[in-house]
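> Structure, please.
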Amino acid sequence: GCFKSVNCWVSNGIGWLDDIQQFYRERSTIEKDYSAKLNALARKYHEKKAKKSSSLSVGDTPAMTPGSLENASLMTWTKQLNTVESQAAEHERYSTELVTELADPLKILGTRYEDLRKRHADHAAKLEAERDAAFNDLRKVKSKYDNSCQELENKRKKVESSFDFSKVKAQNAYQQQVLDMHNVKNSYLIAINVANAHKERYYAEYIPELLDSLRDLSESRTIKLNEIWSRAAELEISMLKRSIELENHLALEFEKNQPYLDSMMFVKHNLAPWQEPPDKSFIPSPIWHDDNAMVVDDVAIVYLQNLLSKSKAQLGDLRREADKKRREIESTKRIKQQIREGKDDRDEVEIVRSIFSQKEELHMIDRRRLAAEVETNTITTVVGDVSLGAKSHNFKLQTFKIPTNCDLCGERIWGLSAKGFDCRDCGYACHSKCEMKVPAECPGEQTRDQKKKIKSERQEVANSLANATKLLASVPMERVKSQSEISPKSLGKNRIVAPPPSTYIVADEQRGKMKYEYHANGEGEVSIEEDSEVIIMEPDDGGWTVIQTVNGESGLVPTAYIEIHETRPISIQSNSGGQRRQGPPVAPKPGAKKLRYFEALYDYQAQSDLELSIMEGERLVLIKEDPGDGWVEVEKNGKIGS
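Next comes the predicted model:
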């Protein structure tokens, strides 16, 4: 078993030599094709150069023709094409060497090693046959011994059954059989020792020697393969050296091609002035007459302060990043120079590729740095460094899965506008669109209770400002002076005693009518007949609307199924037996579950740990409806209670 695995491994290694020699043959074909293509390429561009020589030297309409003269670049280009033809000859030579000095010797080597491996396999089979023959001889002697013992037993029984003269004769035969059995037994014992000796020599000497010979064969193959590979490298290096000599000779010609030589010929005939495009300037809107002065009121200062803080923070990082990238480029350039000087054997093409990629990255970083630098200079020139003393919030972008009010505008951060920012220190939450409008007044890291208290205060201010905005919107423009003149304190909500439920009447409910019949298909939906009157509880959110039926049931229905109209008395739903109309396709519900939330009408102070304290105007997420005891289960700021 051990020999088979080793023999298979050695056979695979010898077979691999054929792959390698095929590689060199294919490489030879590639080199030969490359040589032919280089010659064809040089010939093609010799012809192209001849056709364009005049136009490249002096232009299409020169004042005077150059005759047979060519400019310096064309002369240099001619020498480059000649060098390409010389390079083609070198690759043709290298193609021949790949076959004669690498592929053919590898093929012969593989054949010889395979013959040696087969001789090892034949010898192993012979040794195994000899071992099996020894074991077969032992089995034969054992069988003879067993037969002798059986014959002895038969003669013993015959002695017991014999009388008189026949008994004496039987005893003599029995004694003779005992002697014969002893001889057979001794032969059997000797045969055992002989078989064991053969077995020991087979496993302890013959097979190990054979395996060592196979290992030596494999290692010899590796040595020869290394020699072939070394020769392959020498051939390519020689070819490259000859090519480099050609290129070095060509490189001397480049120094003679001074840039001004071509320009002197062309400028005489094609001189054209050029002027840099003018700078961009402020262009007022055609519908809003304005000047180019920056707005610096209190609201604008907050925005400029946040923008300046961001730009300054980015500017330092971008400068350091740009400097680091420049150092990387210089380091890579030094490697490239060492390669050209022969002090480094890495691939120059890959190094050049790396330099180009690094320069692209530097370009992107430097563009951002320039933009941040101009933003910083522009703002500080107009309003000074307003970022000094600013306590910026430690905002983190996140998705609010639980409905949360924006601490700036007071609007809900949920649904389609669920993405926003949350300060990891003080808990300030705002829309993405409100981030730059938030004053840089972070109180620093706060405890959980402090965050709740600050949240409540911020919501009061946000609600007051929202109400102030509504109030200003209802006042004629000529009466509005400035929003800052209206004190947020004067807009605070007055707490009132809750009236009886019968006195609470909603006067501005939005109503509608079902254009199609709808059957609930999931949690949170409601079934309703065609032409039924409904009350709009929550507006459209992703193609779904929360309604309330005349029976008091609430749930989701597709917005496309509703015809929204002005408020009018609720009519009895139609029970017409006519054909029902098929509703349009239904948009998927936003999220796994539609949240229902309500607004607190009055203040309430929790009386136990199972209850929640609420304030008038707070919006609460409904968890469980009233089971009949007058209480509902709601969620507020991640906490659930009654």
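> Can you give the contact residues for stretch 375-385?
Residues outside stretch 375-385 that contact it (CB atoms under 8 Å, 6 or more residues apart in numbering) are 294, 296, 301, 304, 307-308, 311-312, 315, 386. Every C-beta, even on glycine, is put in place using the N, C-alpha and C of the backbone.
> By neighbours, which of those wins?
When neighbours are counted by other CB atoms under 10 Å, L308 leads the contacts of stretch 375-385 with 26 neighbours.
> residues contacting that residue?
Here L308 is in contact with 375-376, 379-380, 385-387 (criterion: CB under 8 Å, 6+ apart).
> For the contacts of stretch 375-385, could you give me JSON lines that also reports distance to N12 and secondary structure?
Below are those laid out as JSON lines (distance: CB to CB, whole Å; DSSP: H, G, I helix; E, B strand; the rest coil):
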{"residue": "M294", "distance to N12": "77", "secondary structure": "coil"}
{"residue": "V296", "distance to N12": "81", "secondary structure": "coil"}
{"residue": "I301", "distance to N12": "78", "secondary structure": "helix"}
{"residue": "L304", "distance to N12": "73", "secondary structure": "helix"}
{"residue": "L307", "distance to N12": "68", "secondary structure": "helix"}
{"residue": "L308", "distance to N12": "69", "secondary structure": "helix"}
{"residue": "S311", "distance to N12": "64", "secondary structure": "helix"}
{"residue": "K312", "distance to N12": "65", "secondary structure": "helix"}
{"residue": "L315", "distance to N12": "62", "secondary structure": "helix"}
{"residue": "V386", "distance to N12": "75", "secondary structure": "coil"}
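> Quick check: the two most widely separated of these?
Longest distance between any two of those is 21.6 Å, between V296 and L315; criterion CB to CB.
> Do a quick rundown of the helices in the stretch 51-200 of the chain.
Using DSSP state H, counting those that start in this stretch, the helices of the stretch 51-200 of the chain run over residues 72-98, 104-161, 164-201.
> quick one: the last one to chain centroid distance?
The reference is to helix 164-201. 83 Å (CA atoms, centre = their mean, to the nearest Å).
> tell me what that helix is packed against?
helix 104-161 (3 or more CB pairs under 8 Å, 6 or more residues apart in numbering; DSSP states H and E).
> In terms of secondary structure, what does the helix it packs on contact?
Secondary-structure packing of helix 104-161 (3+ CB pairs under 8 Å, 6+ apart): helix 2-58, helix 164-201, helix 207-256.
> quick one: that helix to helix 164-201, angle?
160 degrees (axes from the mean of the first three to the mean of the last three CA atoms, to 10 degrees).
> and helix 104-161 with helix 72-98, angle?
Using the same axes, to 10 degrees: helix 104-161 against helix 72-98 is 30 degrees.
> Test of understanding: give the bridge partners of G512.
V534, I564 (DSSP bridges).
> List the residues that contact it.
533-534, 536, 547, 562-565.
> for the stretch 401-550 of the chain, what spans make up the helices?
448-474.
> and what of the stretch 251-400 of the chain?
Under DSSP H, counting those that start in this stretch, the stretch 251-400 of the chain gives helices at 259-267, 298-340, 348-383.
> which stretch among those helices comes nearest K140?
helix 348-383 (72.8 Å).
> Can you say which two of the contacts of G512 are spatially most distant?
Pairwise over the contacts of G512, using CB to CB, the maximum falls at I547 and H565, 13.4 Å.
> circling back to that earlier point, just the contacts of G512 now: which is nearest T111?
Using CB to CB, the contacts of G512 come closest to T111 at I562, 86.6 Å.
> what's the spacing between that closest one and E460?
Separation of I562 from E460 (CB to CB, to the nearest Å) stands at 35 Å.
> Any chance of CSV for the contacts of L308, columns distance to F395 and pLDDT?
Output for the contacts of L308, formatted as CSV (distance: CB to CB, whole Å; pLDDT from 0 to 100):
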residue, distance to F395, pLDDT
E375, 19, 89
T376, 20, 89
I379, 20, 88
T380, 23, 89
D385, 21, 84
V386, 19, 81
S387, 16, 79
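> and the helices and strands packed on helix 104-161, which one is worst for confidence?
Lowest mean pLDDT within the helices and strands packed on helix 104-161: helix 164-201, at a mean of 87.
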